[in-house]
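Student: only geometry, no sequence info:
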């Protein structure tokens with residue numbers, strides 16, 4: 001997982017409410033266990049609409065998605081987070097998120113920023129022409145027009161995102177403690193140690 005301290009650049013001013021995981025990545029794309037290539041299927045039904053924002057060259061490669069209330073509702077498919085990452089999205093700003101989507105996003109290195117609807121509306125307006133800056137350390141979203149919005153984030157999630165630690169990385173960080181424990185168990189309870197064949 002890549003560490004995140006700042007995310008800045010163009011933002012896709014999507015803004016739709018109640019976008020479920022089936023819209024983010026349709027079920028026909030779930031036949032893979034690979035995280036790569038899912039960006040091609042991201043928002044497929046919306047991309048079928050003429051003039052859709054996801055195929056607008058102005059927002060190509062944008063690292064931020066601005067969404068509406070209840071983003072990521074529906075099923076628990078982790079492929080939704082994978083599709084966003086493959087699309088190049090590092091952060092999603094919305095008034096609220098589905099708990100399961102928010103958890104999947106965090107575990108895959110996507111920053112979810114919850115802001116009031118008024119702030120989201122302002123960012124949607126700015127995103128039409130200018131860049132947006134998210135600073136995870138200071139927990140702020142700013143614009144070139146002196147807009148400054150603060151957001152809350154769980155301290156554990158913040159640390160993991162800033163250090164680029166997923167569950168495997170967290171476990172590997174305890175390698176010395178795990179090794180010491182295994183040595184102690186071997187010494188204290190040798191009957192529990194498997195014998196090599």
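Tutor: Thanks, I have the structure now. Small disclaimer: the values here were computed from a predicted structure and weren't measured.
Student: roughly how far is the longest helix anywhere in the chain from the heart of the chain?
Tutor: If each helix of the chain is counted by residues according to DSSP state H, the longest one is helix 175-188. With C-alpha atoms, centre = their mean, to the nearest Å as the basis, helix 175-188 stands 35 Å off its chain's centre.
Student: quick check: buried residues in that helix?
Tutor: Residues of helix 175-188 include none that count as buried (16 or more other C-beta atoms under 10 Å). All C-beta spots, glycine's among them, are computed from the backbone N, C-alpha and C.
Student: contacts for it?
Tutor: For helix 175-188, the surrounding residues in contact (C-beta atoms under 8 Å, 6 or more residues apart in numbering) are 171, 192, 193.
Student: just the pLDDT at the closest residue to the last one other than its chain neighbours, thanks.
Tutor: With C-beta to C-beta, 6 or more residues apart in numbering as the measure, residue 186 is the residue that lies nearest to residue 193, at 5.0 Å, once sequence neighbours are left out. With respect to pLDDT, residue 186 has a value of 83.
Student: tell me which stretches of this protein form strands.
Tutor: Assigned by DSSP state E, the chain shows strands spanning 6-9, 11-13, 64-66, 91-94, 111-114, 132-135, 140-142, 148-150.
Student: which helices and strands does the third one pack with?
Tutor: When you say that, I think you mean strand 64-66. strand 11-13, strand 91-94, helix 117-127 (3 or more C-beta pairs under 8 Å, 6 or more residues apart in numbering; DSSP states H and E).
Student: same check, this time on the fourth one
Tutor: With contacts defined as 3+ C-beta pairs under 8 Å, 6+ apart, strand 91-94 has these neighbours: strand 64-66, strand 111-114, helix 117-127, strand 132-135.
Student: just these: most buried one?
Tutor: Highest mean neighbour count of the helices and strands packed on strand 91-94: strand 64-66, a mean of 27 (counted as mean count of other C-beta atoms under 10 Å).
Student: ok so, going back, CSV for the helices and strands packed on strand 91-94, including distance to residue 99?
Tutor: Formatted as CSV, these follow (distance: least, C-beta to C-beta, whole Å):
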stretch, distance to residue 99
strand 64-66, 18
strand 111-114, 11
helix 117-127, 19
strand 132-135, 21
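Student: can you list those in JSON lines and add mean pLDDT and distance to residue 40?
Tutor: Formatted as JSON lines, the helices and strands packed on strand 91-94 follow (pLDDT from 0 to 100; distance: least, C-beta to C-beta, whole Å):
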{"stretch": "strand 64-66", "mean pLDDT": "98", "distance to residue 40": "17"}
{"stretch": "strand 111-114", "mean pLDDT": "98", "distance to residue 40": "23"}
{"stretch": "helix 117-127", "mean pLDDT": "98", "distance to residue 40": "23"}
{"stretch": "strand 132-135", "mean pLDDT": "98", "distance to residue 40": "25"}
